[in-house]
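*Asks:* structure of the sequence below:
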Amino acid sequence: MEPAVQLREIRHKINRDPFRPFRICMSDGTEHLVDNPNLVFLTRHTVILGVLEEGEEIPENTKYCDTVHITRVETVHG
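*Replies:* Residues are numbered from 1 along each chain as shown. This is a model prediction of the structure:
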């Protein structure tokens, strides 16, 4: 999947109303759950995810996902 297409799809999922959690799957097999649209920041080549610790409201850490390594974006069902 082209990085620009992935970014459009992620932006669409972030802005969906009502929001539904989704998963970003990477080429190395890791998966990142996005369950809060306010913790996602998009750049042209990177998706930056804020990581909340339990009970916290402001992230202390971030995960960087290079769009070249995103293999798919899928809605979490259930």
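*Asks:* please make it C-alpha for all contacts and neighbour counts, starting now.
*Replies:* Fine.
*Asks:* ok, now which ones touch the closest residue to Ile70 other than its chain neighbours?
*Replies:* Using C-alpha to C-alpha, 6 or more residues apart in numbering and skipping the chain neighbours, the partner closest in space to Ile70 is Met26 (4.5 Å). By C-alpha atoms under 8 Å, 6 or more residues apart in numbering, the contact set of Met26 is 65, 69-72.
*Asks:* residues in contact with stretch 48-66: which ones?
*Replies:* Taking C-alpha under 8 Å, 6+ apart as the rule, stretch 48-66 contacts 26, 34, 39-42, 45-47.
*Asks:* go with 6 Å
*Replies:* Here stretch 48-66 makes contact (C-alpha atoms under 6 Å, 6 or more residues apart in numbering) with 39-41, 45-47.
*Asks:* where exactly do the helices run in this structure?
*Replies:* Taking DSSP state H as the criterion, the chain carries its helices at 3-15.
*Asks:* lowest mean pLDDT among the helices and strands, pick that one out for it.
*Replies:* Ranked by mean pLDDT, DSSP states H and E, the weakest helix or strand in the chain is helix 3-15, scoring a mean of 92.
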